[in-house]
Structure formats: structure tokens, C-alpha cells
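A.B. asks: Got a predicted structure here, sequence first:
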Amino acid sequence: MADISYDDEHRTWLIRLASTAYGLGLSGDGRVVRHLHWGPPCQPDDLAVLAAAGPAAHGTSRIGWGEEEPAEYVPWGGPRFDEPTLKADFADGTRGIEWRVTGHDIARDQTGATLTLDLADLAYPLRARLHYRAFDDSDVLERWASIRHAGGGGPIVLRQAHSANWWLPRRERWRLRYLTGGWASETRPAQAVLGPGKFTLESRRGVTSHHLQPYVALDDGTATEHSGEVWSALLAWSGSFRLVAETTPGGSVHVSGGWNEFDAPLELAPGDELSLPVFAGCYSGAGLGGLSRSWHAYELRHVLGDPARAGGSPSFPATSVPPGARAARLAGDGLPALRPVLYNSWEATGFDVTEEGQAELARLAAGLGVELFVVDDGWFAGRRDDHAGLGDWTPDPVKFPRGLGPLIDRVHELGMGFGLWIEPEMVNPDSDLYRAHPDWVLHFDRRSRSERRNQLVLNLARDDVAEWVHAVVDRLLSEHRIDFIKWDMNRHFSEPGWPDQAGRNPERVWTGYVRNLYAILDRLRAAHPDVAFEACEGGGGRIDLAMLARSEQAWISDNTDAWDRILIQEGFSQAYPAQAMMCWVTDSPNPLTGRRLPLRYRFHVAMSGALGLGGDLTRWSEAELTEARDLVARYKEIRPVVQHGHQHRLASTQDGPLGAVQYLSADGGRAVVFAWTGVRRFRPWPSRLRLAGLDPAARYRDEDSGEERSGASLMRLGLPLPDELDYASVLVRLRRTGISGQITASG
Ligand code: GLA
């Protein structure tokens, strides 16, 4: 149960989360909200001690060379030289902020408690409100700020407006883990030791991007997968972002984050209010595994699909779908409904999409037990290859002479939902849309319009363009029985101009684009509550909390090579849950890498997330189709454990040729274990795999072999691993049968 309290005597606030705590206090002069604590549970008395010690308690130095007070929201102004969260310029030429705290409020709602703190500039009409949201069932603390021009005077220009600033406790050293990659190699775990200075993770691409996730996890160098203290933060923003981890001269470490201010000053006119994205934080005392389980639980309950929460920040839809319709998207226990097994045509047919070809794939897919059939790129007018068609979102008259209706009906007759790929933020110069509206794209009048994949980006910050995009998708959904949309976006911004806004803060295009994108998605989801969405950007280029709040799942990479994929999935799992992780089984040799892998192995990798199929089923042999049918059935049986269970990463392919992951149902009654090997070389093979999170005193039955073992034995001695040399995989299903009378060494 989350609880927020204020200690009037010491002027401190204590935020109690499910099993951790966060504390802040007011400086003696009432000007600075100071960070006091983030970590294990603590008492108001502890905060009083920290508050009394002043900034020194944080280990900061005050020797006249600058203030290093751990301010919750760092204003640029006065003798402060660390990374600011807010920098403002006033119309009379004054630059810099001087605050005082003017009020605070604690409230409760159905999901938890909120704290708001109000700050006002001493001389100018600049106001900030700091928001903290704690959930009853989570250790994630959501933070964001809203900035207001209270009226009077000229415009205020914000040169930097981060969402929040997270201070870490004093430690000898800090290691920062993050997720990096590129196209077809997303979310690879990486790490750096923080030295003096700054470590920056950012996107200047208009989208979150494949390169870096807006995610950090910090520890003192001793935390492991299974133990130790870790502090983490995730930004809920789908455009350019910047996270800065700074080690100050005094040795303190803080992480400031929000949308990227590069090329993006924002002008506030009198009366304007600007809400910033959520920058959520989570502390775990149970290593990286404990941390990601906390993130997953929070995302399943409060982010994925329809968060249905009070609004405030642009990150999460304020009022998404009507409560009745929202119920359709939930499983009975308040978690998002389980994701269906999907088939996607992209790797099978590329742009060569026809009614007959898709109908044949649909027939084969239905025979395997697929529940949702998705037609990918290639279905719309003029789309022969990637040179033309984007923007003209009507079915191609040659490929679909009867329109999409008959194929959709056929798919429904086969008992599957129908899904469609669309990339509505984009336009090919070779399209009717571009010929009619060449001014609708991001551009500068006297600069080149750089194309990537032969396409340009529509300027969604323009309300008329956003309205058009909404109308296109709304019409498709209204005129057809479509159950699922794969929303793609295959290039990043360049020449981010908005010529007709010259002199009127055209740089707001960076944030205006994302806000309008959210508005489009929120409207569509509210009007079409039965339609599920998949977030995609050339694979996993636009995955973040805010996009997940508007999607049921994400396409995490165009790389479907199962061996490569294990690491991409492992990285994804650091921050996001298995339910959102769409994984396809495709052909062998893999079209991208040429690697040959057994069908069972490809399934076992994909079955550890939300299962999909993406191969050319017309070329699969009868034996392969039979094996696939059995594995799809097996997946459906373990699906609740994989999609809603607690994940334990048991072995990482970063450390050697073995990857393994275990899911445990919330009641602890069922466990599902996947293990996959790569190519072995020299090193002795760890012949057993030790499980995690089981009840040591309980007994578990292997559902295939019938063998029973105690939880203690499975965790201490582990499961035997396959003997095959390369690219072997196992799937083990365990069911708790009772309490063990005695724990024996052999189990
Ligand atoms: C992107 C997606 C792919 C596929 C293609 C179609 O690359 O990630 O899955 O939809 O576009 O052009």
C-alpha cells in the first residue's frame, strides 16, 4: 500500500512504495526541495536525521566553488554548475531561476497516492509543479513536472526542461548499465563505469531509436542478476530524449532526464502550461532480476495497453477508452488480456501481397492454431517495392481487385482475427499524397529533402496533417473488420523544418510531433477499443513506456535469427515484459543472417515471449507443419505463465553459449524454463541449470517426464542440460505438487 506523509516539524515528505521508500525535505530557507532518500524502507525519523545533516549528508561539498545541494528539480541560476533540469530565459533578458516552494498537496486515488510540490520564481511568472505518483502494488515511482507561465510580461523561453532528476546515495563507485543497438541488433545490454563528468544517453532522431533506450540501471559494481542494490530509471517519451548521469566534483551522482532540448527551445506565452513526460524510477535490493520483475509488474498493471489512470503527463493517456470497453482488453485478474498467437506475412511474401497468396497463408496458419493473421507491407496502391505508395492508403486495385473485404472475411471464417500493417507517418515522393501536399513533410525550403528508404516524414506537429493521419486510420478501421494494427515508422527525422512557422518557434516540431502522435493513437484506441496495436519502428526503434501505453505489444527487431534474438530479448527484458515482446518463428536458413537452426529451437526462443510465426508456410514440409502445430498448442498451454508470470533470467548468452530464462506463475504453482545453447568451444559445459524463485520446501513435477524434485534441489542442483553440441534447446514445465517432507541432496 503506497503512503505519502508530511512531517511538519522537520518539513520532510516520506513516500512509502510497496516495499521501498523515497524521501525529500525542504531546505531551511524554503527555497530548495532536497532529495533525502531512495532505497529500502525508512521511517520519518530517518528522514529527520538526514534533513538535519543538510546537504553534507549527501556527501556534497560546499567550499565556495558552487552549490551541490541535491535539489529534486535543479534550476539553472545562481552558483550551480551541475546539469540543470530547467533553464529559462525571460523577456527582459534575465536568464536563470530563483525559486521558492509555495505549497504541496498529498492525495489518494484508486491505484495509489500522489504528491505535488509547487515552486514559484521569486520575480517572474514562472511556476513549476513537481509530480510524484506511487502505486499501491509497485516500487516504481513516477515523476514528472509541469511548467506554467502564470501571466504578465512577455514570453518565457525554456532552453531545457527535463522531467525529473534522480539522486543516488553516496557510494565508492558507480556502474551504469544501459541498452544499445542498431537496426536488427536492438536492446543489447551494455555498461560503463562512471567517472567524474557526464555520461549521456540521447536520441536526436525524433524517435526513441534503435541506438539507445531511455533506460539506465545503476549499482556500485557489486550487484548481480540475483542480488545487490540497483537504482533504475525509464523515460516515458517516444521522441528525442536525453538522460545525463553526472558525477559532480563533490562526488555525488545524479541522473537528469527528459525530452532532448537540442534544437528545441520552447516558448511559453502568458497562460501556457507545459506538462513533461514521466521519468519513472525504481529501486530494487534483489539485483537486476528483482529490478526487471518490478518494472514488468508495474508495466503489466499500469502501462501496457490502457493504463486507465488520471492524466497529467503526456506520457500516459488521460482518458483512454470507456471503462466498459477497457474491460475487453483485460484478463479477469486486471492484467492485460493474453496476446494471441500471430502470423505475419512480411518475411514470406515481402511486397508481393495478393488476395490469393494471403488466403493460402491464412489457411495454413489457421491449421497450425494461429489466432491472428496480419498482412504486412505491400497491400496498398502503387506499393510494388519500397519506392512508392506510402501515403496512399487504399487497397491496391491490382493485388486486391475486390478490396480487402473478401480476404478479411476469409480470415475471420478461418477463426482468426485480421491485422494490417500501416506506416501512416510517412510518405514516398512517388505517391498521390506527396504530389498533392509536398509541403506536408518535415523540410527547410532551401535545403535538400533527404530520403531514407525512399521516404520522407510527414510533419505530424501540424494539426492539419495529424488530422489527416487520424482520418486515414479511422476510416480503415471503420470500413473494415480489422482487429489489429501494426503501426510502423521506418526512418528518423532529418531537416526538421516547419517553414510556415518561421519566427514562431518552429523548433517545437520535435515535441509537437510526439504529442500529436499520442493524440492520434489515443483517439483511435478510444473509438476502436477492440483493436489491438503493435508498436514498430523498423523493428524496435520506438519502444518506450509511452508507446507501450498505447500498444498491446511491440515488434522488437527485424532480426528473426533465433540465436541473435536471444540477446535482443534478454536486453528487452531488462526494461519491458515478455507479454509485450512479439517474437516470430521464421524460415531456416534465416533470410537475414543465413543461419540454419532447428524448427524446435526457433520455436523455443520465440515461445519465451508473445509467440508469432513469420515464415513462408507454403514451403514448410508436412513434418514441419505437424511439429509447428504441436508447438503452438504447447505454447497456448504455457502462455499464461510466460505472459503474466515472474521472469528469472538464469543464464546469459553474454557470458557464454547458454541462454536460459524461467517464468514462474504469480501463485508459484507453475514454472516454465527455456534453455538454448549456441556454438560451444573449449570451455567446459555447465551441465546443469539452477532454477530460481521456487519454494525450497515444495515439490515440483516435470510435466513431461513425471519426475518429481524439491524446490531446494531444483535451485541448488538444477536441471540437466542437453548433451547435443550446438544449437540445442529445452523447454521444461514444472507444476508444484505439494510440500516436500524432506530435502535430500539428490532431490
Ligand atoms: C519494417 C518492419 C518490418 C516490416 C517492414 C515492411 O522494417 O520492422 O517488420 O513490417 O517494415 O516494410
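C.D. replies: Nice, I can see it.
A.B. asks: now the strands: where do they sit in the stretch 201-350 of the chain?
C.D. replies: Assigned by DSSP state E, counting those that start in this stretch, the strands in the stretch 201-350 of the chain fall at 215-219, 230-235, 241-247, 253-259, 266-268, 273-275, 279-284, 342-344.
A.B. asks: and of these, who's closest to the ligand?
C.D. replies: Closest approach to the ligand among the strands of the stretch 201-350 of the chain (C-beta to the nearest ligand atom): strand 342-344, 7.2 Å. In short, each C-beta sits where N, CA and C put it, glycine included.
A.B. asks: wait, does the closest one make contact with the ligand?
C.D. replies: No: Strand 342-344 is not in contact with the ligand by C-beta under 6 Å from any ligand atom; minimum separation 7.2 Å.
A.B. asks: Reduced to three states, what does Leu390 come out as?
C.D. replies: Under DSSP: H, G, I helix; E, B strand; the rest coil, Leu390 falls in the coil class.
A.B. asks: isn't Tyr73 right up against Glu83?
C.D. replies: No: contact criterion C-beta atoms under 8 Å: Tyr73 and Glu83 do not qualify, at 11.9 Å.
A.B. asks: What average pLDDT does stretch 686-701 get?
C.D. replies: Stretch 686-701 carries an average pLDDT of 94.
A.B. asks: End to end on it, go ahead and measure it.
C.D. replies: Start-to-end span of stretch 686-701 (C-alpha to C-alpha, to the nearest Å) is 23 Å.
A.B. asks: mind listing what the residue of the stretch 101-250 of the chain found nearest the ligand touches?
C.D. replies: Ranking the residues of the stretch 101-250 of the chain by distance to the ligand (C-beta to the nearest ligand atom) places Trp183 first, at 8.2 Å. Trp183 makes contact with His210, Gly538, Gly539, Gly541, Asp558 under the criterion C-beta atoms under 8 Å, 6 or more residues apart in numbering.
A.B. asks: these two touch, right, the fourth one and His210?
C.D. replies: In other words, Gly541. Yes: judged on C-beta under 8 Å, Gly541 makes contact with His210 at a distance of 4.5 Å.
A.B. asks: In the sheet, which strands lie alongside the helix or strand containing Arg701, parallel or antiparallel?
C.D. replies: Using DSSP states H and E, Arg701 maps to strand 698-702. Note on strand 698-702: by DSSP bridges, its sheet partners are strand 708-710 (antiparallel), strand 729-739 (antiparallel).
A.B. asks: Thr653: which of these is closest?
C.D. replies: Closest approach to Thr653 among those (C-beta to C-beta): strand 729-739, 12.4 Å.
A.B. asks: Can you give the contact residues for the closest one?
C.D. replies: Counting by C-beta under 8 Å, 6+ apart, 598, 600-601, 604-605, 607, 634, 638, 668-677, 695, 697-704, 708, 714, 719, 721-722 sit against strand 729-739.
A.B. asks: give me the number of residues near the residue in the stretch 301-450 of the chain positioned nearest to the ligand?
C.D. replies: Residue nearest to the ligand within the stretch 301-450 of the chain: Asp377 (3.5 Å; C-beta to the nearest ligand atom). Other residues near Asp377 come to 22 when the count uses other C-beta atoms under 10 Å.
A.B. asks: what's near enough to touch it?
C.D. replies: Here Asp377 is in contact with Trp346, Gly350, Phe351, Val353, Arg383, Trp421, Glu423, Asp488 (criterion: C-beta under 8 Å, 6+ apart).
A.B. asks: The third one: how many residues sit nearby?
C.D. replies: Okay, so that is Phe351. Around Phe351 there are 16 residues (other C-beta under 10 Å).
A.B. asks: that older thread, may I see the strands of the stretch 201-350 of the chain organised as JSON lines, with distance to Arg462 added?
C.D. replies: JSON lines is the format used below for the strands of the stretch 201-350 of the chain (distance: least, C-beta to C-beta, whole Å):
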{"stretch": "strand 215-219", "distance to Arg462": "31"}
{"stretch": "strand 230-235", "distance to Arg462": "25"}
{"stretch": "strand 241-247", "distance to Arg462": "22"}
{"stretch": "strand 253-259", "distance to Arg462": "19"}
{"stretch": "strand 266-268", "distance to Arg462": "17"}
{"stretch": "strand 273-275", "distance to Arg462": "19"}
{"stretch": "strand 279-284", "distance to Arg462": "28"}
{"stretch": "strand 342-344", "distance to Arg462": "32"}
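A.B. asks: Select, out of the ones you listed, the one closest to Ser27.
C.D. replies: Using C-beta to C-beta, the strands of the stretch 201-350 of the chain put strand 253-259 closest to Ser27, at 16.6 Å.
A.B. asks: next helix or strand past the longest helix along the chain?
C.D. replies: If you go by DSSP state H, the chain has its longest helix at helix 622-644. Downstream of helix 622-644, the first helix or strand assigned by DSSP H and E is strand 646-651.
A.B. asks: Mean confidence (pLDDT) on that following strand, please.
C.D. replies: 98.
A.B. asks: Note down every partner strand of that strand and its orientation.
C.D. replies: strand 658-664 (antiparallel).
A.B. asks: Output the following helix or strand past the partner strand as CSV - backbone C-alpha positions only.
C.D. replies: Next along the chain after strand 658-664, taking DSSP H and E as the criterion, comes strand 670-677. What follows is strand 670-677 as a C-alpha-only set of coordinates in CSV (Å, rounded to 0.1, in the frame of the first residue of the first chain):
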residue,chain,number,x,y,z
ARG,A,670,3.8,-23.4,-12.3
ALA,A,671,7.3,-22.8,-13.7
VAL,A,672,8.3,-22.8,-17.4
VAL,A,673,12.0,-23.0,-18.2
PHE,A,674,13.7,-22.4,-21.6
ALA,A,675,17.3,-23.1,-22.2
TRP,A,676,19.1,-22.6,-25.5
THR,A,677,22.7,-23.3,-26.5
